[in-house]
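Peer 1: got a predicted structure here, sequence first:
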Amino acid sequence: MTDKTMNTVDSSPVDATKRTLLKGGVAAAVITLAPGITLRTVEAAVTGPATQAKRWGMLIDATAPEGVWDLAVEACKAEQGWGSDHNKSGKANAATDPQWIRKVSIKNPKTGAKASLPVMCQHCANPPCVDVCPTGASMKREDGIVLVDKHICIGCRYCMMACPYSARSFVHEPVEMQKPHMPRGKGTVEGCTMCVHRVDKGQQPACVEALNKAGSDAIMFGDLNDPKSDISRAVSKYVTQRIRADLGVEPGVHYRGI
Amino acid sequence: MAADTTIYKEIEGKGGDYYSLVGWLAVMAAAGFGSMLYMEHYGHVVTGMTNAVVWGTPHVFAVFLIVAASGALNIASISSVFGKTQYKPLARLSTITAVALLAGGLMVLLLDLGRPDRLIVAMTKYNFKSIFAWNIILYSGFFVIVLTYLWMMMERRMVPYSKKMGLLAFVWRLALTTGTGSIFGFLVARPGYDAAIMAPMFIAMSFAFGLAIFILVVNVAYRASNRPLGDFILFEMRNLLGVFIAAALYFTVTQHLTNLYAAEHAGIEAFILWDGGIYTFFFWVVQIGLGALFPLALLFNPATGRSCQGIMIASILVIVGGLAQLYIIIIGGQAFPIPLFPGMEVSSSFFDGAVHPYVPSLLEILLGLSGMAVSLLIIAIAVKYLPLMPTSLSDAKVDPNHVAAE
């Protein structure tokens, strides 16, 4: 499983060497303690510790056909295990069910011009959610990915008050169908992780991969600090905009065609 | 001036009235605790709170109590910091009321957490950039400082130092309310917040809410314990309450006028002042009408302002208006949609661009009321076991200009 991951990684020779060194120690191990009880070790990151050398970001093309955003949302649900919490009670509760990524429709009331685009955590460089969190559970990695440490989240929801993008959800009910890489918990806050578990293995976030498989490059993912990356080239070619850029929170998610 | 001859004594607290009061308060506190257990078991889905209105009725009560706590300390501050000796006999009761209100408010806040079992995390892990984390320090410090202040007033050897402690407590309470107001003032995301005026407005609100509660506490405690309560001290507090109501009203007017001037804020202002349904009703009828203008009329009308009932009704109305004001700020501020794309019509499955509905659940109301019950319970028990209340607040004891043969 790790070998397969390794093959998808393409980067500089230095990184490749580092990865070869790490290779021996990164395989995920599953030890059977007793029938039905297994101990799973966490897969180590193959790209090394997160550093400021990278700034992960996205570029979203709002002119893409609307249907691709549904693909992205479904891919996120499948990857992270949200969206099926209502299975237990048998009914969905739109007001309280988490949404890590959503399709937003906008319309200019004066001209009638319309667009639709996905909105999720914008992975701000100056994230208000991180500033306000009393315990430090809401945090930003060195590489710009904003996460919630669910072990120290006390469920105060101040980050949700502070987020300009409504990007976070509070888990209002017991959760089911959890993924091993993405523990979730009733009473804590969650949101888009930019698929950090995949990114650390050199993979693309699930939404990006799903769109690529469908032949769409409407969401581009990459390192904004690397001038040679596709995303850097794209953001230097097109005039992009970021949602509520006026707030100065420096989102890592760029949009074009809004 | 003459030495302080005030005699402080515990209340008897033996009658059926006392025990039934304590019993009812305990039942209410237990109901709140039960609500918390139910919410923790099933998750917050059983409340009216959602992913759009993330703070609900418990927060209205909690913030109200926390704000009122610092205001309740004012009577003590006025006597020791500003040298108004007529308030001195009430200083002890003022400090214990402040501590009790803060405890009740914090309890509600804690019990509403998604993970109240992680209280220890909140106390050991600090993000020092968070105003919430500052507040945890400000609240803890308030308990320590105010209780020390109380001890210094009660311990004869410490009395000379109590004035300095009172000054520290006064400065601390200003910082505390600044911190509470800034919980909202620092939020850039929502048009209803993000304003420096939140801090001073909360201070003005605290003066009014805290004093309104304190007037009720004094009246009930003195009537129930059959101790004399003269008009002088009551009228002094009445005058203060009037000034504080006017000050809170001034900040509210300034807040909305400033917002109305900026086209950017036209949406939120129209929502609160004009077409926000329950929020508009709460603003004009409950906060402004019943919570400010009517109490002012009651307090300064010669007929009602000179009656104990009139002053108590005005105090109750200030509390009701205060709860309405915090309901508008906390819940109205969230019900109004976050402007994701200003100037655009926005819609999504996550309620973008729409006014978010919110209906408080019984659980939330019980939890909120339990905070008030716990506060009153602390006061009721404290006055029974500690000499906090002067045996008499008659005019002869309190009024420096009292003429016996008048």
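Peer 2: Great, that's in hand.

Peer 1: hey, let's count contacts and neighbours off CA atoms from now on
Peer 2: Noted.

Peer 1: so where does the nearest residue to B:Met372 once chain neighbours are set aside fall, helix or strand?
Peer 2: Nearest residue to B:Met372, sequence neighbours excluded (Cα to Cα, 6 or more residues apart in numbering or on different chains): B:Gly104, at 6.0 Å. Secondary-structure element containing B:Gly104, defined by DSSP states H and E: helix B:91-111.

Peer 1: next SSE after that helix?
Peer 2: Sequence-wise, the next helix or strand downstream of helix B:91-111 (DSSP H and E) is helix B:119-124.

Peer 1: would you mind checking the average pLDDT for the helix or strand that comes right after that following helix?
Peer 2: As assigned by DSSP H and E, the chain's next helix or strand after helix B:119-124 is helix B:131-154. Averaged across helix B:131-154, the pLDDT comes to 96.

Peer 1: touching whatever helix or strand A:Cys159 lives in from outside, list them.
Peer 2: Using DSSP H and E, A:Cys159 sits in helix A:158-162. Here helix A:158-162 makes contact (Cα atoms under 8 Å, 6 or more residues apart in numbering or on different chains) with A:128-130, A:132-133, A:138, A:166-169, B:54, B:187-190, B:334.

Peer 1: surely A:Ala113 meets A:Ser105?
Peer 2: No: counting by Cα atoms under 8 Å, A:Ala113 does not reach A:Ser105; the two are 10.8 Å apart.

Peer 1: the two: which has the busier surroundings?
Peer 2: Taking other Cα atoms under 10 Å in any protein chain shown, A:Ala113 and A:Ser105 do not tie; A:Ser105 has more neighbours (19 against 11).

Peer 1: helix, strand or coil for the closest residue to the more buried one other than its chain neighbours?
Peer 2: Computed as Cα to Cα, 6+ apart, the closest residue to A:Ser105 that is not its neighbour in sequence is A:Ser116, at 4.3 Å. Three-state assignment for A:Ser116 (DSSP: H, G, I helix; E, B strand; the rest coil): strand.

Peer 1: now do B:Arg227
Peer 2: coil.

Peer 1: relative to B:Leu176, how far out is it?
Peer 2: In this view, B:Arg227 and B:Leu176 are 34 Å apart by Cα to Cα, to the nearest Å.

Peer 1: more neighbours, the two?
Peer 2: Neighbours were counted for B:Arg227 and for B:Leu176 using other Cα under 10 Å; B:Leu176 has more, 27 against 16.

Peer 1: now for the chain, the helix or strand with the poorest mean pLDDT.
Peer 2: By default, I'm working from chain A. Least confident helix or strand, chain A: helix A:2-8 with a mean of 38, by mean pLDDT, DSSP states H and E.

Peer 1: dihedrals phi and psi, B:Tyr327?
Peer 2: Here is the backbone geometry of B:Tyr327 (degrees, to the nearest 10): phi -60, psi -40.

Peer 1: centre-most residue in the chain?
Peer 2: As the question left the chain open, I've gone with chain A. In chain A, the C-alpha nearest the mean C-alpha coordinate belongs to A:Met194, at 1.7 Å (Cα atoms, centre = their mean).

Peer 1: sorry, I should have been clearer: chain B.
Peer 2: B:Ala68 (2.0 Å).

Peer 1: how about the strand or helix carrying it, does it get close to chain A?
Peer 2: B:Ala68 belongs to helix B:57-72 when assigned by DSSP H and E. No: using Cα under 8 Å from any Cα of the partner chain, helix B:57-72 never reaches chain A; the gap is at least 10.5 Å.

Peer 1: avg pLDDT for that helix?
Peer 2: Over the span of helix B:57-72, the pLDDT mean works out to 98.

Peer 1: kindly report the same for stretch A:211-220.
Peer 2: 97.

Peer 1: quick check: end-to-end length of it?
Peer 2: 9 Å.

Peer 1: in that stretch, what's buried?
Peer 2: The neighbour-count check on stretch A:211-220 (16 or more other Cα atoms under 10 Å in any protein chain shown) flags A:Leu211, A:Asp217, A:Ala218, A:Ile219, A:Met220 as buried.

Peer 1: the residues you listed in helices, which ones?
Peer 2: If you go by DSSP state H, these have A:Leu211 in helices.

Peer 1: present the buried residues of stretch A:211-220 as a markdown table; the columns should include distance to B:Leu273.
Peer 2: Listed next are the buried residues of stretch A:211-220 as a markdown table, based on distance: Cα to Cα, whole Å:
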| residue | distance to B:Leu273 |
| --- | --- |
| A:Leu211 | 46 |
| A:Asp217 | 46 |
| A:Ala218 | 42 |
| A:Ile219 | 42 |
| A:Met220 | 44 |
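
Peer 1: farthest-separated two in the buried residues of stretch A:211-220?
Peer 2: Farthest pair in the buried residues of stretch A:211-220 (Cα to Cα) is A:Leu211 and A:Met220. Separation: 9.5 Å.

Peer 1: give me the number of residues near the residue of the stretch 101-250 of chain B found nearest chain A?
Peer 2: Closest contact between the stretch 101-250 of chain B and chain A, by Cα to the nearest Cα, is at B:Gly114 (3.7 Å). B:Gly114: 25 surrounding residues under other Cα under 10 Å.

Peer 1: do B:Ala208 as well
Peer 2: With neighbours defined by other Cα under 10 Å, the count for B:Ala208 comes to 32.

Peer 1: find the nearest non-adjacent residue to it, please.
Peer 2: Spatially, and ignoring its direct neighbours in sequence, B:Ala208 is nearest to B:Phe244 (4.9 Å; Cα to Cα, 6+ apart).

Peer 1: in three-state terms, label that neighbour for me.
Peer 2: Using three-state DSSP, the structure places B:Phe244 in helix.

Peer 1: rewinding a little: please report how far the closest residue to the residue nearest to the centre of chain B other than its chain neighbours lies from A:Gln178.
Peer 2: In space, and not counting its chain neighbours, B:Ala68 is closest to B:Gly210: 4.0 Å by Cα to Cα, 6+ apart. Here B:Gly210 is placed at a distance of 47 Å from A:Gln178 (Cα to Cα).

Peer 1: neighbour count winner among those two?
Peer 2: B:Gly210 (31 against 16).

Peer 1: still on that earlier bit, and the angle from the helix holding B:Ala68 to helix B:91-111?
Peer 2: Relative orientation of helix B:57-72 versus helix B:91-111 (axes from the mean of the first three to the mean of the last three Cα atoms, to 10 degrees): 160 degrees.

Peer 1: now do the helix or strand following helix B:57-72: distance to the chain's middle.
Peer 2: Note on helix B:57-72: by DSSP H and E, the next helix or strand toward the C-terminus is helix B:74-80. Its chain's C-alpha centre and that of helix B:74-80 lie 17 Å apart, by Cα atoms, centre = their mean, to the nearest Å.

Peer 1: need the pLDDT of the nearest residue to B:Ala72 once chain neighbours are set aside.
Peer 2: Distances taken as Cα to Cα, 6+ apart place B:Gly210 nearest to B:Ala72, at 4.0 Å, with adjacent residues excluded. As predicted, B:Gly210 sits at a pLDDT of 98.

Peer 1: wait, what's in contact with B:Gly210?
Peer 2: When contacts are taken as Cα under 8 Å, 6+ apart, B:Gly210 is in contact with B:Val67, B:Ala68, B:Ala69, B:Ser70, B:Gly71, B:Ala72, B:Leu73, B:Asn74, B:Ala98.

Peer 1: ok, 10 Å please
Peer 2: Neighbour list for B:Gly210: B:64-75, B:94, B:97-98, B:101, B:241, B:244, B:315, B:318-319 [criterion: Cα atoms under 10 Å, 6 or more residues apart in numbering or on different chains].
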